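K.L.:
Mind folding the following:
(chains A and B)
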Amino acid sequence: EAGVTQFPSHSVIEKGQTVTLRCDPISGHDNLYWYRRVMGKEIKFLLHFVKESKQDESGMPNNRFLAERTGGTYSTLKVQPAELEDSGVYFCASSQDPRDRTRSGANVLTFGAGSRLTVL
Amino acid sequence: AQKVTQAQTEISVVEKEDVTLDCVYETRDTTYYLFWYKQPPSGELVFLIRRNSFDEQNEISGRYSWNFQKSTSSFNFTITASQVVDSAVYFCALNRAGANNLFFGTGTRLTVIP
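P.N.:
This is a model prediction of the structure:
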């Protein structure tokens, strides 16, 4: 079974440019998450999709970040325009269990290898 | 508020030594889940264990063991007879029941020297 795939593995852009990160979750996983790790700090939640719907986007830093998941399959995270503080590793994760209030919070997430973004 | 603290930034041990990675958490919830993930050099986060707040039994899986103590809000991870392949960054995380997101610590980089 293929894991969570992220592309690109590393992107270097100038401040003010646009970057789009892509995540392909495990086939059949309804839940898709984006997380970010700024160097040396903790990994922080950005948002959560259930199929194509945004379930929780409370972790999105600001409106320069746009996440989409058209058709409920792969997801993209666009940063426009990029700023220096956006540098970090962006992780995508997916899980199979449907959002179920009796079991919420118990999901085991499968993570990808991350997309490293460097903004110069 | 939820918080996970991994005070050890980097640890180096010689192969075959035992090593314990510390994790201390904060939460006001009575129901929550604790996790450990391993990040090898390839980059992906690999799930190691999930523990719910009502199960304080320690767990052993091969050379890995976990000590969950609610009294001290700790969920420590011990590797026995460490091997070079154990070299990685290890993350401890907390998930509130009913919530979507994991709260991670800053990670501990473990280097096992041959």
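K.L.:
wait, isn't B:Pro114 in contact with B:Lys16?
P.N.:
No - using CB atoms under 8 Å, B:Pro114 is not in contact with B:Lys16; the gap is 9.8 Å. C-beta coordinates here come from the backbone N, C-alpha and C atoms, glycine included.
K.L.:
Of the two, give the one with the bigger neighbour count.
P.N.:
Taking neighbours as other CB atoms under 10 Å in any protein chain shown, B:Pro114 and B:Lys16 compare with B:Lys16 leading, 11 against 8.
K.L.:
show me where chain B has strands.
P.N.:
Using DSSP state E, the strands found in chain B span residues B:3-5, B:10-14, B:19-21, B:24-26, B:32-39, B:46-52, B:59-61, B:64-69, B:74-79, B:88-96, B:102-104, B:108-113.
K.L.:
what's the average pLDDT for the longest one?
P.N.:
Per-region confidence: strand B:88-96 scores 95 on mean pLDDT.
K.L.:
strands paired with that strand, and their directions?
P.N.:
Its sheet considered, strand B:88-96 pairs with strand B:32-39 (antiparallel), strand B:102-104 (antiparallel), strand B:108-113 (antiparallel) by DSSP bridges.
K.L.:
how far out from the middle of the chain is the second one?
P.N.:
Once both centres are worked out by CA atoms, centre = their mean, to the nearest Å, strand B:102-104 turns out to sit 12 Å from its chain's centre.
K.L.:
Is the least confident helix or strand in chain B by mean pLDDT positioned near chain A?
P.N.:
None of the helices or strands of chain B scores lower by mean pLDDT, DSSP states H and E than strand B:59-61, at a mean of 88. No - Strand B:59-61 does not reach chain A (CB under 8 Å from any CB of the partner chain); its nearest approach is 14.7 Å.
K.L.:
right, and the strands of chain B - which one's nearest A:Thr70?
P.N.:
Smallest distance to A:Thr70 across those (CB to CB): 25.2 Å, for strand B:102-104.
K.L.:
where's the nearest residue to B:Asn67 once chain neighbours are set aside relative to B:Ile49, distance?
P.N.:
Leaving aside its chain neighbours, B:Asn67 sits nearest to B:Asn76 (4.8 Å; criterion: CB to CB, 6 or more residues apart in numbering or on different chains). Going from B:Asn76 to B:Ile49 by CB to CB, to the nearest Å gives 12 Å.
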